[in-house]
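Colleague: my questions concern the predicted model and sequence given below.
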Amino acid sequence: GVLNINDPVADYLPDIFASEHRGTEVTIAQLLEHTAGLAGSAPREYATQAPGLLPSEYVSQRQPFELRWDPGLHYSYSNGGYTIAGAVIEKAWGADFDTLIRRELLDPLGMDETTFNADSPPSFGPDGELARPWRMPVRPAGSAVTTAADLAQVLAVLLDNGGSFLSSESIARLERGETGILAQAGGGVGAYGLGTFAYVAGDSVLRAHWGKTEGFRATLAYTNESSPGSGYVLLVDTADGRAIGQLRSLLNAYVTDNTPAPSVPAKSVGSLPPDYSGVYVNASHDGQQRAWLFALLGARQLSPTPDGVRVVPLFFGWPSEWRRLDNDLYQASSIPVPSGATWSDGSTRYWVDGESYRQSSALSVYGQIAILFAGIAACIISLLTWPFVITHRLWRRSRARKDLPDQPEDKVQTTRHLPKYSLWPHSTAIASLSMLTLLVGFLYHQLVSDLAIVARIGSFGPAAIVLFLSSMILPVSLVFSVGALLKNASQRGQIVSTLYGGALTLILSVACILLVSYQLVPLWSML
């Protein structure tokens, strides 16, 4: 009764957000359903060692928080949102988070050895060695350290209370989203609720949640398709993501063995409005630094069908058929719950099927992909031909020296007949090396998904320094390359080399501008 999850956050923490779009206030429910518009944790946050940091201290150190879109619009996972919710609890209850957790939760359960304010327990890296403990500042998002004996206390209380701490209404709210496009369209059971999301396993849907730190993986999943239902909890000290995937698949198949086949609606309400056809790019990926990559690589084409919409990935994945249920709500033929929705914000249209996709032009998507790959190709060509260009220059100067008349002559007059050496091959090669280092390093740490790599990127160390310097050297080298080419063009007999170098520099410059728009150049946000 102290708080209502639909209360505006500003009632307790005024001026916490840098911009609340259109005057819309962020609510506690939006923080808990990850629809407030906050970005996911950046590498800097993964690298932060902050044991015992209070949520209110976290807020005071980092506010104001930027919102990426209108609150309640898109789903995007944010540990920071849960930490802000913890700060709201501290403010409303007049005590620090750890005191409240101890008083209201742990002591009543008899969990004397459990805490949210301790070093992480030992975990293991891929080589089997002990990994460094994690002390991230977002403790309320999930950093309880407990023992087997205390977990037995939880089980004992559950059994004594008929298997639940909560009312059936509270559990239903945990399993149902009420904010975000999908929930507003009527698909709350397929959206992220207050701690669980709908997870498709074969022909069934589980309620689930999972997470990881370095060397540790946790999964909870259950089905309520049949009474009493079944599920599992998987906790493993390992860095082997492939093994965890296999374990999940085996357990998913077991707990869904007797669940009914997916229910496909008998009829639809009509075809998709024609103006929702087109190319859509990801608009809601939780990693703000890598959102541009997932926006492009995850682009998809929507086209109307007689009873709904067909969604075809532009680059990777398989097409899916969605039947329109009611107004803006859709259900895929292979998913037992509605999990697709359309939404329009004036001239901008969105499609939701787990994440949100904003309508874009095909020219923009293919153009950006072409620029990116052309830039990579130009980098490789520049680095491969760099030694040959230098060798050719040295050979020409050597030939010119031999061809000079063998007679006394002023030194200045002699060098006037020699081909002048240009700096553009060097500067272009340095720019190419910087771009490749930046792209390869960035993609490696984003796509490999090794949290230890992410933490190293966010801390002051070799990996972060190399990426940051590459992002600074790239534009500077391109400026030098342009200047050197202009000087090179003024010399006789340099037309071919100037055109060749100019073409490479132009492609690299356009790719650099694209990376600037992605905020990868300069790479301030990564550090």
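Modeller: Ah, there it is.
Colleague: ok, now which ones touch the residue lying closest to Leu106 once chain neighbours are set aside?
Modeller: Spatial nearest neighbour of Leu106, excluding adjacent residues (CB to CB, 6 or more residues apart in numbering): Thr114 at 5.4 Å. All C-beta atoms are positioned from the backbone trio N, CA, C, and that covers glycine. Listed by CB atoms under 8 Å, 6 or more residues apart in numbering, the contact set of Thr114 reads Leu106, Ala144, Val145, Thr146, Thr147, Asp150.
Colleague: surely Trp386 forms part of a strand?
Modeller: No: the assignment for Trp386, made by DSSP: H, G, I helix; E, B strand; the rest coil, is helix rather than a strand.
Colleague: how much space between it and Leu515?
Modeller: Applying CB to CB, to the nearest Å, the value for Trp386 to Leu515 is 21 Å.
Colleague: ok, Trp386 to Thr437 distance?
Modeller: 15 Å.
Colleague: with Glu45 instead?
Modeller: 24 Å.
Colleague: of those two, who's got more company?
Modeller: With neighbours defined as other CB atoms under 10 Å, Glu45 and Thr437 compare such that Glu45 has more, 21 against 18.
Colleague: would you check that the more buried one makes contact with Ser459?
Modeller: No: using CB atoms under 8 Å as the test, Glu45 is too far from Ser459 to be in contact (11.0 Å).
Colleague: in this protein, which helix or strand is least confident?
Modeller: Least confident helix or strand, the chain: helix 411-416 with a mean of 48, by mean pLDDT, DSSP states H and E.
Colleague: avg pLDDT for the next helix or strand after it?
Modeller: Per DSSP states H and E, the first helix or strand lying C-terminal to helix 411-416 is helix 424-447. Helix 424-447 comes out with an average pLDDT of 87.
Colleague: from here on, call the first residue 278.
Modeller: All right, first residue 278 from here; so that's helix 701-724.
Colleague: other SSEs contacting the helix or strand following helix 701-724?
Modeller: Sequence-wise, the next helix or strand downstream of helix 701-724 (DSSP H and E) is helix 728-735. Helix 728-735 makes packing contacts with helix 320-324, helix 701-724, helix 739-766 when contacts are defined by 3 or more CB pairs under 8 Å, 6 or more residues apart in numbering; DSSP states H and E.
Colleague: list the buried ones in the following helix or strand past the shortest one?
Modeller: Using DSSP H and E, the helix or strand that follows helix 320-324 towards the C-terminus is helix 332-339. Residues of helix 332-339 classed as buried by neighbour count (16 or more other CB atoms under 10 Å): Pro332, Ser333, Glu334, Tyr335, Val336.
Colleague: among the contacts of Thr391, which one is most surrounded by other residues?
Modeller: Leu383 (21 neighbours).
Colleague: tell me how many other residues crowd Thr376.
Modeller: Neighbours of Thr376 (other CB under 10 Å): 13.
Colleague: tell me the secondary structure for it?
Modeller: helix.
Colleague: now Tyr607, nearest residue through space, not along the chain?
Modeller: Gly617 (3.4 Å).
Colleague: show me the contacts for that neighbour.
Modeller: By CB under 8 Å, 6+ apart, the neighbours of Gly617 are Leu459, Gly464, Val586, Trp599, Leu606, Tyr607, Gln608, Ala609, Trp628, Val629, Asp630.
Colleague: for the fourth one, name its beta-bridge partners.
Modeller: Meaning Trp599. Here Trp599 sits in beta bridges with Val586, Ala609, as judged by DSSP bridges.
Colleague: now it: how far from Ala475?
Modeller: Applying CB to CB to Trp599 and Ala475 gives a distance of 15 Å.
Colleague: so which of the helices and strands packed on helix 728-735 comes closest to Leu377?
Modeller: Distance to Leu377, taken as CB to CB, is lowest for helix 320-324 among the helices and strands packed on helix 728-735, at 23.1 Å.
Colleague: packing partners of the closest one?
Modeller: Against helix 320-324 (3+ CB pairs under 8 Å, 6+ apart) you get helix 728-735.
Colleague: average pLDDT for the helix it packs on, rounded please.
Modeller: Here the average pLDDT along helix 728-735 is 77.
Colleague: redo the contacts of Gly617 as JSON lines? Include distance to Leu728 and neighbour count.
Modeller: Shown next, in JSON lines, are those (distance: CB to CB, whole Å; neighbours: other CB atoms under 10 Å):
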{"residue": "Leu459", "distance to Leu728": "28", "neighbour count": "30"}
{"residue": "Gly464", "distance to Leu728": "31", "neighbour count": "26"}
{"residue": "Val586", "distance to Leu728": "36", "neighbour count": "23"}
{"residue": "Trp599", "distance to Leu728": "34", "neighbour count": "27"}
{"residue": "Leu606", "distance to Leu728": "36", "neighbour count": "22"}
{"residue": "Tyr607", "distance to Leu728": "34", "neighbour count": "28"}
{"residue": "Gln608", "distance to Leu728": "35", "neighbour count": "24"}
{"residue": "Ala609", "distance to Leu728": "31", "neighbour count": "21"}
{"residue": "Trp628", "distance to Leu728": "31", "neighbour count": "26"}
{"residue": "Val629", "distance to Leu728": "28", "neighbour count": "30"}
{"residue": "Asp630", "distance to Leu728": "27", "neighbour count": "20"}
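Colleague: show me which of those is closest to Ala761.
Modeller: Trp628 (47.5 Å).
Colleague: neighbours of the nearest residue to the closest one once chain neighbours are set aside, how many?
Modeller: Excluding its sequence neighbours, the residue lying closest to Trp628 (CB to CB, 6+ apart) is Tyr634, at 4.6 Å. Look at Tyr634: counted by other CB under 10 Å, it has 24 neighbours.
Colleague: sec struct for Tyr634, please.
Modeller: Under three-state DSSP, Tyr634 comes out as strand.
Colleague: quick one, the lengthiest strand in the chain and helix 728-735 angle?
Modeller: Using DSSP state E to define each element, the chain has its longest strand at strand 481-490. Counting by axes from the mean of the first three to the mean of the last three CA atoms, to 10 degrees, strand 481-490 lies at 50 degrees to helix 728-735.
Colleague: so which elements touch the next helix or strand after strand 481-490?
Modeller: Using DSSP H and E, the helix or strand that follows strand 481-490 in sequence is strand 493-500. Here strand 493-500 touches strand 481-490, strand 507-513, helix 518-532, going by 3+ CB pairs under 8 Å, 6+ apart.
Colleague: tell me which of these sits most buried.
Modeller: strand 481-490 (a mean of 19; mean count of other CB atoms under 10 Å).
Colleague: what sits up against that strand?
Modeller: 397, 400, 411, 419, 452, 467, 472-477, 494-502, 508, 529, 532-533, 536, 539, 612-614, 728.
Colleague: any chance of a ChimeraX selection covering the buried ones in those?
Modeller: A single ChimeraX command is used to select the members of the contacts of strand 481-490 judged buried by 16+ other CB under 10 Å:
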select :397,400,411,452,467,473,474,475,476,477,494,496,497,498,499,500,501,502,508,529,532,533,536,539,612,613,614,728
